[in-house]
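# can't give you the sequence, but here's the structure:
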C-alpha cells in the first residue's frame, strides 16, 4: 500500500457482468489510477450485504465502493435496484452513527466504461481523503463500538425485512393491496433504523461494562430520558438487566 | 425416411457471419445437438453490435449484453469459430453440403497469442482504426476491439511493413510471418447466412457534405463518438476541433427512401437509432444541447418505440422537423454547417449547426453478390437475400437459410428472432442426425477431498512482461508461500499457455494440492480455462480462485511498481483466504420431459407446434376457440399478395395430420405448476370440458391479439364505417357495395398512439395501403383518401406506399391534436357521411363526403394474457402484451426458464414476423427439449432449514421465481434449475438462513478481513 498515514484504503465490490468488466477495460486501455483500491468480485451488486460494508470498515478500510450495472442493465434484472435500497439505508445508518456517509458510495459502471471506472475510483479516493482516514482497526474504541452497533442493526430482522420489501410495498402494494407512499415508507424505515441502532449501541456499551443511565447518556451524547426509554425496550426483550444498584442508581448490564 | 437417406445427412451446420445473428444461430444449434462452424471474415466475431454504444429503446450498454454471448460462443465445445475466413465454393445439396473455406493469413497463431498487446505497443505503423470508423488509429498488428473473441491479435498485411519487431517482443512466440492462405474443407447438413449489412458509399453522401466537411459525420461514426470505449472515450465532441457541439442536426433517410440512388426501400432502424443517439448525446453532454431531427415520417413502430419517441420529444426536448433539407453548406470560419429547409407550411429557414449526423441506411453487404454466386442463391432487386414472404428465413436454395439484415433491413431483436428461426428450420431438416457429430468431453473421476486440510497451490503469471514489467512477480510468489495453507507456489511466463496447463496438472498430483489459486488476469475471460485444467487433474472445477493482478493491477498502476507489488500480494492474500474456505460444488442432473405445450392455435402457435414436431418432439396444442386459425381467419392477403387462407388451410392440415401434435380445441388452461424441463398443466377442453393433465418440458405462449372495436368516428352507429379487416372482407367478397364507391376514406391510428394506448400497432399503415391498392384494382376511378399521422411502411413495404401514391391514392396528414371529424349530414334528401380534415400543407379544411369510411384500428393483446401471465409467472408490459426477458437479445423468452412466447401476444406484427418469431420460440425451446437432462446446481443459493423462518422475503426478491416456501415445513426452497446465482436473496435474508455456493458469507467476510 501507499503510505497509509495519508492514503486511504479503499475496498470496492464489483459485479461480474458490468463493473468488473469495466475495471478490466480500464486495464486493457491502460487508464491509470491509484493503487490503494482493492476489489472483490461478486456476481451481482445485489449480493453485497450491508454487513460486508461495515466489516470492511472494522477491518481498517477507509472507504467502500459498490459498483453495479446501470439501472435497467442488471444481468439479473433487478439486483442493482436492491443494492441501491440497501446502500441508501446503510448510508443513513452511518450518518446516525456519526460516520461520514460518503465513506460508502454506490455507483454504476458498464462493461465498456473503463474511463468512468477510473473517474469514479479517483473521485472517491479524493472524497475519502478529504473526509480523512477512518482507521476503525486503531485506537478509537467508541468508533469501533458504533460500527459494531451499525453492523448489529444491519443484521436485525426488522431492518432487513423492510429493506427487502421496499420495492414491493411501494410498487406492488402491501397486504391490503395499498401502495405505500415513498415518504411514509422512508419515515418508517428511518425511525426503525434509528431505534434499532440506539438499542444495539446501548447493548454493545453494556457488554463491556455495567453502566447507569447517566453514564450511557454521557457515552452516547443522548438525553438520559431517551436512553431510559430504550432501556425499557431492551429490558422487556431480555437483552439487558439491572446488574447492581449504586446507591439508588441502577447499573445495567448485558444479559 | 429410409436408412440410406438418413445416413446421408450431416449433423453439422455452417453459419456464415459472426455478428449477433450468426452468434445466436450458432448458440441455438450447438445447444440443440449440432456441431457448428461459425465463420467470420474479420479477425473477431461480434459484428456491428460490438460497435454500438447503447441499444434502443432501453439505452442498455451494447457491449454489456453482447459480451457474455461472445464468450459463450468462444468457449462452446461444439462451435468452431473460424476467423478471417470466407466460403470459396460449395457442392452437394440440402442435408449434405461439402463446403470449401478459404482462411486468410492472420500471421498470428491464435492458440499461442495471449492477447497481451505488447506487440501493438511496439509496432511502428499507424493505421486508421476501422472499428472506430477511422476516427482513431491503431498499429498494423491489432486486436479488433478490447472485448474481441477470439482475443488474439492479427497483422494487417496491407499496412504492415514487415519490420520484424513484433516477433522480437512477443514472448508467447505467437507471431508467424510464414502464415499463408489455406483451404479447409468441411461437411455440413445446412447453411445459415448472416453476413449482416453494408453501409452506403461515401459518394452517395457527398451531396450532404460528407467527405467535404469534417463536421458532417455518419450515424455509425457518431455511435463511436458516443461510446465510452470509442475514439474520444465517450466525450461528446466534433471532429474538426474537438469542441463540444451545442447544436446537432440529424438528417434521416440518407440512402433510404431515395429513388435517385435506387434505394427506394426504408431502412427500418434509422428513425429509432437517431432518437437513441440524440437522447444519449443529451445525457452525455456537459452543456445544454439542442438537437433537431429532420425526418419525413417518424417510423417508431417497434415494441416500446413510440414511448421512446415521446420521451425524446417531451422529456429530452429533441426537436423533430418534418422535412428533408434542401441544402447543407459549411460556414468556413467556424466549420459549422448551415442547413436550408422548408417548413410544411412553406416557410424557408436557414439554421446553423455545429455538427450534422447523417442517419445512413442499411445496404446489402458488399460481398452479397459474390456470396450469392458461390452458394447459388438468388438476391432480390436491391441485392438482399431473396426469401419467400411467408418463408422468411429460407433462401431460394433448399438447405440454405438466412437471418438478419441480409434478408432485409432490421434491428437487433428481429435479427435475433430470425437467427433462432433459421436455426429452427435447419434443425427441423436435420433432426434425424441430431447429436451425431457433437463432441463430449470425458473427465477423470473427481477426487474426494473431504477431510483433507486445505493444500493450496499458487501459480503466479508474468504474462510475458505485462505483469512482471510492473509487479515484482518472484516477490509475490515468495510471499504466497508464507500464507497459511499454501503448500506450493511457482511463477510462470504465461499461466494460460498449453505447457503451463500441463504443469499445473502435474503439480496438483505431485504436491497433492486440493485448491488452486491462479494469480494472473481477469476471471471473466480465464476462469473457465483454469477450471477446466484443474478438472482434468481430477479436482472439482470450483476449487479454483483467481487474483487479477494484470487488468486491475499492473496495467493500471504502471507508475507505482512498489505499491503495485504490495497490492498484488494483498490480492493473493485475499484469494488464498477465500480459497481456504472453498468447497467442491456438485451438479445434479434433472430429466427433461421431451414434449412441449403450445397455447394458442393461430399462425404463431401452429408454426411453433409444427416446428417442434418436425424437430421430433411431441406437442400439445391448445386453442380456446372451436377452430384453429386465430385472427388470420379474417385476413385474405398480405400486402405482398400471399394468399393467407390457402396458407392457413395448408398449415391447419399439416398440424392436424402430424402424429406428434395433439390438438385440443375449446381448451382452457386451469392450472400450471413445475419448472423448466418438468411442467404439469391441467386443461379443460372439448365440448364436454374434459380435464387433461399434460406433462411437458417447455411452454410456448401464443395467445394472439384482437382487433380494437372503436368507439370513435361513428363506428357501430353508421353501417358505412368499417374496420380495416371488415373492409378487407367486403373487398374480397367482390360485391358491388365497395367496387362502385366513388369515395373511400381510411383513417389511421384509431386507438393507437393515444394517451390511453400509446403504442403503435405497426401493421395498420401497410394494411391500409393493401386495401387501397385492392380498391384501385377493383375500380381505378375511385377516390381514396388515407388520413394518417406518419406512414410507417418500413422495409420493402415502402415500395407499396410509393405504388399507392403513383396510382393516385391521396395521403393527407393530420395532427394528433386536430383529428378528422366525422358526421352524418342530410343534404338534398341524402344522408351523407362527411369527413373533415385539416390539410397541413394548404392549412385549409378538406371536406370529403365518403361512401365508406375504414378505420385502421389498434391491435390489442388477447384477454387471456393476464391469466396466463399469472399461471406461468411471467410479466406483462403496461400495454398488456407479454414482456420478454430482454428487449434485444432474449425476444422470445422470459426470466422464468422454459417459458417462451411468439406472435401478437408479444406485440402487433406482420404474419411473416409472427412466423419467424414462432420458429424462434421453437428453436429456443428445443435447446431444452433436445437434452436428456438439465444440469442444475453450480454456484446457486442454498437454505439452512434450521435457521429459516419462512418469511419469504427471498421469494419477492428473486427475479427468476427460483425460490418457493415449502407450505408444510415453512421454509424456503431453492430450485437449483432456476437459480442463476446472483445472491440477492442471501444479502436480503432476514435470519441468516440463506447462503450461496462459491460466494458464501463466510468466504466474502474472509476476503474482506484479509484485505
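Great, that's in hand. None of these values were measured; they are calculated from a predicted model.
# where does the stretch 801-950 of chain B get nearest to chain A, residue-wise?
Nearest residue of the stretch 801-950 of chain B to chain A: residue B:895, at 5.9 Å (Cβ to the nearest Cβ). Just so you know, the C-beta spots here come from the backbone N, C-alpha and C atoms, and that holds for glycine as well.
# what's near enough to touch that residue?
A:77, B:874, B:885, B:959-961 (Cβ atoms under 8 Å, 6 or more residues apart in numbering or on different chains).
# and the pLDDT at it?
pLDDT for residue B:895: 83.
# tell me the SS of it?
State at residue B:895, reduced to three classes by DSSP: H, G, I helix; E, B strand; the rest coil: coil.
# most surrounded residue in the contacts of residue B:895?
Highest neighbour count within the contacts of residue B:895: residue B:874, with 23 neighbours (other Cβ atoms under 10 Å in any protein chain shown).
# ok but that residue is inside a strand, no?
No - counting by three-state DSSP, one finds residue B:874 to be coil, located in no strand.
# was I right to think it contacts residue B:896?
Yes - using Cβ atoms under 8 Å, residue B:874 makes contact with residue B:896 at a distance of 5.6 Å.
# follow-up on the earlier one: of the contacts of residue B:895, which is the nearest to residue A:10?
residue A:77 (28.7 Å; Cβ to Cβ).
# would you say that closest one is within a helix?
No - using three-state DSSP, the secondary structure at residue A:77 is coil, not a helix.
# ok, now which ones touch it?
B:885, B:895, B:959.
# now render these as a markdown table, adding distance to residue B:563.
Below are these laid out as a markdown table (distance: Cβ to Cβ, whole Å):
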| residue | distance to residue B:563 |
| --- | --- |
| B:885 | 43 |
| B:895 | 43 |
| B:959 | 40 |
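# what packs against the lengthiest helix in chain A?
Longest helix in chain A, counting residues (DSSP state H): helix A:182-208. For helix A:182-208, the packing partners by 3 or more Cβ pairs under 8 Å, 6 or more residues apart in numbering or on different chains; DSSP states H and E come out as helix A:79-96, helix A:141-154, helix A:157-167, helix A:213-220, helix A:224-236, strand A:240-246, strand A:249-254.
# show me what counts as buried in the shortest one.
The reference is to strand A:249-254. By neighbour count with 16 or more other Cβ atoms under 10 Å in any protein chain shown, strand A:249-254 contains the buried residues A:250-252, A:254.
# can you pull out the strands in the stretch 701-850 of chain B?
B:705-707, B:721-723, B:743-750, B:783-788, B:810-813, B:821-827, B:830-839, B:844-850 (DSSP state E, counting those that start in this stretch).
# so which of these is the most packed in?
strand B:743-750 (a mean of 25; mean count of other Cβ atoms under 10 Å in any protein chain shown).
# just want the angle from it to strand B:821-827.
150 degrees (axes from the mean of the first three to the mean of the last three Cα atoms, to 10 degrees).
# quick one: contacts for residue B:147?
Residues in contact with residue B:147, defined by Cβ under 8 Å, 6+ apart, are A:21, A:25, A:111-112, B:46, B:50, B:63, B:67, B:70.
# got a pLDDT number for it?
85.
# assumed residue B:589 was part of a strand.
Yes - counting by three-state DSSP, residue B:589 is found in a strand.
# that one reaches residue B:935, doesn't it?
Yes - judged on Cβ under 8 Å, residue B:589 makes contact with residue B:935 at a distance of 6.0 Å.
# the domain parsing of the chain - what is it?
In the absence of a named chain, chain A is used. What automatic domain parsing lists as the domains of chain A is A:10-131, A:156-254.
# chain B is the one I meant
B:1-103+B:181-198+B:365-446, B:105-180, B:202-360, B:456-583, B:591-704+B:862-933, B:707-860, B:939-1010.
# columns distance to residue A:210 on top of these, output as CSV?
Shown next, in CSV, are those (distance: least, Cβ to Cβ, whole Å):
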stretch, distance to residue A:210
domain B:1-103+B:181-198+B:365-446, 55
domain B:105-180, 61
domain B:202-360, 58
domain B:456-583, 37
domain B:591-704+B:862-933, 54
domain B:707-860, 67
domain B:939-1010, 29
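# residue A:195: which of these is closest?
Of the domains of chain B, nearest to residue A:195 by Cβ to Cβ is domain B:939-1010, at 16.6 Å.
# now the end-to-end length of that closest one.
Using Cα to Cα, to the nearest Å, the end-to-end distance of domain B:939-1010 comes to 23 Å.
# one more: stretch B:632-640?
First-to-last residue span, stretch B:632-640, Cα to Cα: 15 Å.
# any idea of the mean pLDDT for that stretch?
Here the average pLDDT along stretch B:632-640 is 96.
# can you list contacts of it?
By Cβ under 8 Å, 6+ apart, the residues outside stretch B:632-640 that reach it are B:389-390, B:602-603, B:627, B:643-645, B:648, B:725, B:728-729, B:731-732, B:766-767, B:769-770, B:773-774, B:797, B:800, B:910-912.
# make a ChimeraX selection of the buried ones in those residues.
The buried subset of those, as determined by 16+ other Cβ under 10 Å, is captured in ChimeraX by this line:
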select /B:389,390,602,603,644,648,725,728,731,766,767,769,770,773,774,797,800,910,911,912
